[in-house]
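> can't give you the sequence, but here's the structure:
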Ligand SMILES: CC(C)CCC[C@@H](C)[C@H]1CC[C@H]2[C@@H]3CC=C4C[C@@H](O)CC[C@]4(C)[C@H]3CC[C@]12C
């Protein structure tokens, strides 16, 4: 098995499909950069990985069927697919590629039975390949497939096929969109004349609403939208371009038909070979000898060639291998195509007589024209989309907050794409964004399962449905009594939709997100130290656990606590917490909840935040660091380090891992968060029971109700299930095996207008509050005293940005100073230690609260951070 981490380490440029060298990727030394991308079409290789772009200069024109010139042939066969968690490794899956959609089944026989395990729309996917290990990764935002071919020749064929299908699917999407737009324009009376149809706004709005495109109920919106339509010239551009396209496509059709009539028989080029591969239906499985002679999956392809009874002209085995070996980007030496695949390549397409060559050139030129037209249409539509959004946004304040809405009311990627959505998706997918890891070598077991589509056991979905129904029947948690703390932030969150996230992510490929400086407009006014504290929002579950005599029931409450920590993410995908500077601290004293917490940024490289909380009932500590992997469309956060809880009454010491958090569609407006993976909770002081919690990865085609699903079991020493519970990490957890079945946890109601205030819960809002009587007690390193964060909280985004730059600059200076002296930063309130398994951990050194009381931080020597 090849390693996972290095595969994601990608760092140079590549000319995929095109025989040219593209500019080398330059990573700026300073992480903060708003510069545009060095080259939109640059391709990158980090280590052995390459991001495969669409072959812009080269059209894959299928010539098999002149009436359907652009449909690439089917491709099917076994590939290895990275296993779902919790198991590592690979399993063999039968893949079936047709009309731009890749589906897979457990085996070949499941295909005709329709037992599809997963499917991925290639037009939405960023494709990365590793030719050394024959690996292909597809990231479609919602779904990521990691695949491996068993030989280099099959790898070559699959990549060629996938490329062709992706291009096909994208073009198809563009056609659908332009067709849609045309019909919209036609129904609005613009007509074919291409003159600026002088339409009354009422006419346009009426026809649009009649076709159900615009919400007819909202007349204010309709009026705005019709005003927008009136100003728009882009629809006319689209119509002109599409007419041009139509003419060109007719020409293409004619050329291809002529080409087909010509005889094959001459040498062919790499381009030909790729084209042939793209065009044909291929079954990549070795035909097995079968009594009836009928083999599923081959009958269609092999029998066609056989039925034609054609001698293989034009291609000879030796030729094919020599040509393959020159192949532009798939490898220095590509082995010959296996016989059983080779025999499926119909030779009639290799028509390269001089006349054939000329036709071929014409086809390419015409295809390019079509491509350019479609690009123009696409740009025009994107522009229209933006305008439509603006109009919509001014009418609907929540529109701008749509991102932060609960996942189950959003998920636009799961409905049929709208014109606007698809245009954005198309744009996203055609950008060269590479997949990378913040770590050079990452063997993290967590990441292993994280990116595959989980295939929950049968019954999972129905169990969650039941849990969900029970949760909704359970009373809401009592609204917490007034604590005298603030109930709102001083200022609303800024609009950050203009910030060029793509350039930032590009420029910081391979870096820890926790070290990447972003414009303050992307930040939320809490930092990662404070977010650690947020995990204690439902600390009452630990209090309950400490008052529960039965060890199995106790475990249920510990599990509910572990899950509750993830619920803060529900409305928080638009802003990033501030990165604490080295030596920054944060304290949180909650008399009302009976705990106090301290946290400190203990290490900068890698960034590590440590925390420790105490109460009469429990202690809670963890040191958090995470790696991030950028797959082109999604950003995975892989936390390392364990969470620890001890309970005073029973002396239990629970320890558990964290799951992966994935920010899907990170660059687009369809961004959403998902947690997935398995948590194991162990009690290090007793073997009586363990707990397994599964954060189920949602299925792309699943119903909205299986999003954010969590299921868990408490097991006794022998592995028997003692308790079962489940629900959704943003809605609550129900346990039906307790003496009285009940909802063990439900999130607190959100404060008023929470979407306008970063999606913060009341608890989150209180974190950065600085009451006057607290100020003199804090060390000057406390996050509440950090001026940039405060400025942002108060709504001064530009000032915050400048201050942030300054603070980061100061941190760099301090680091240089230390390095000059050959010294290392020593954290003030935490020390490095080893846990029972020998892992490095950061634990409290017990000095914070003592110093705070005596002599008080005003009288100690403190470092100046800002
Ligand atoms: C680029 C920006 C604007 C996109 C937003 C990024 C946000 C959503 C990311 C950045 C850092 C991320 C956090 C980093 C670490 C953890 C700890 C983990 O155990 C739970 C998820 C959690 C708490 C992440 C939630 C999502 C997060 C807040």
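Ah, there it is. On a predicted model such as this, the values are computed, not experimentally measured, just so you know.
> residues from the protein in reach of the ligand?
Within the chain, the positions adjacent to the ligand are 501, 513, 522, 531, 569, 572-573, 575-577, 626, 637, 639, 658, 661, 663 by CB under 6 Å from any ligand atom. (C-beta placed from N, C-alpha, C; glycine too.)
> what's the farthest-apart pair in the residues you listed?
Distance extremes for the residues of the chain next to the ligand: the farthest pair is 501 and 658 at 24.7 Å, using CB to CB.
> neighbour-wise, which of those two wins?
residue 658 (24 against 17; other CB atoms under 10 Å).
> Was I right to think that one contacts residue 643?
Yes: counting by CB atoms under 8 Å, residue 658 touches residue 643, with 6.7 Å between them.
> Lowest pLDDT pick from the residues of the chain next to the ligand?
In terms of pLDDT, residue 513 ranks lowest among the residues of the chain next to the ligand, with 76.
> What is the burial count for that one?
Neighbours around residue 513, by other CB under 10 Å: 19.
> What of residue 839?
Using other CB under 10 Å, residue 839 has 12 neighbouring residues.
> can you map out the strands along the stretch 501-650 of the chain?
Using DSSP state E, counting those that start in this stretch, the strands of the stretch 501-650 of the chain run over residues 523-527, 576-578, 585-590, 595-603, 608-615, 618-630, 635-640, 643-647.
> For the third one, list every residue counted as buried.
Read that as strand 585-590. 585, 586, 587, 588, 590 (16 or more other CB atoms under 10 Å).
> angle of that strand against strand 523-527?
Relative orientation of strand 585-590 versus strand 523-527 (axes from the mean of the first three to the mean of the last three CA atoms, to 10 degrees): 70 degrees.
> So which residues lie in contact with strand 585-590, not counting its own?
Here strand 585-590 makes contact (CB atoms under 8 Å, 6 or more residues apart in numbering) with 527, 529-530, 533, 536, 539, 580, 596-601, 613, 767, 778-779, 781-784, 828-829, 848, 852.
> Quick one: mean pLDDT over that strand.
The pLDDT scores in strand 585-590 average 98.
> before we move on, the earlier item: just name the most buried of the strands of the stretch 501-650 of the chain.
Neighbour counts (mean count of other CB atoms under 10 Å) averaged over each of the strands of the stretch 501-650 of the chain peak at strand 523-527, with a mean of 26.
> Show the low-confidence segments of the stretch 201-350 of the chain, by residue range.
201-236, 260-270, 272, 287-337, 345-350 (pLDDT under 70).
> pull the longest helix from the chain.
Ranked by residue count, the top helix of the chain under DSSP state H comes out as helix 354-395.
> Packing partners of that helix?
helix 152-187, helix 219-231, helix 234-261, helix 419-430 (3 or more CB pairs under 8 Å, 6 or more residues apart in numbering; DSSP states H and E).
> Contact partners for residue 763?
Applying CB under 8 Å, 6+ apart, we find residue 763 in contact with 534, 537, 748.
> Between those residues, which has the least confident prediction?
residue 748 (94).
> Just want the phi and psi numbers for that residue.
The phi and psi values for residue 748, taken as degrees, to the nearest 10, are phi -70, psi 150.
> roughly how far apart are it and the ligand?
From residue 748 across to the ligand, the span is 18 Å (CB to the nearest ligand atom, to the nearest Å).
> and if you look at residue 690?
20 Å.
> Can you name the residues in contact with the helix or strand that residue falls within?
With secondary structure defined by DSSP states H and E, residue 690 is part of strand 689-695. Strand 689-695 is contacted from outside by 456, 551-552, 555-556, 558-559, 562-563, 566, 659, 675-683, 709-717, 722, 729, using CB under 8 Å, 6+ apart.
> give me that answer again for 6 Å
Strand 689-695 is contacted by residues 551-552, 555, 559, 659, 675-682, 710-716 when judged by CB atoms under 6 Å, 6 or more residues apart in numbering.
> For ChimeraX, what selects the buried ones among those residues?
The buried residues among these can be selected in ChimeraX (16+ other CB under 10 Å) with this line:
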select :551,552,555,559,659,675,676,677,678,679,681,682,710,711,712,713,714,715
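> Okay, and which of the contacts of strand 689-695 map to strands?
675-682, 710-716 (DSSP state E).
> ok, so of those residues, who is nearest the ligand?
Among the ones in strands among the contacts of strand 689-695, residue 675 lies closest to the ligand (CB to the nearest ligand atom), at 7.0 Å.
> how far off strand 709-716 does the strand holding residue 690 point, in degrees?
170 degrees.
> Strand 689-695 pairs with which strands?
strand 672-683 (antiparallel), strand 709-716 (antiparallel) (DSSP bridges).
> any idea how far the ligand is from residue 789?
Noted for residue 789: a distance of 15 Å to the ligand, by CB to the nearest ligand atom.
> now residue 109
From residue 109 across to the ligand, the span is 41 Å (CB to the nearest ligand atom).
> Distance-wise, check that residue relative to residue 285.
Look at residue 109 and residue 285: by CB to CB, to the nearest Å, they are 12 Å apart.
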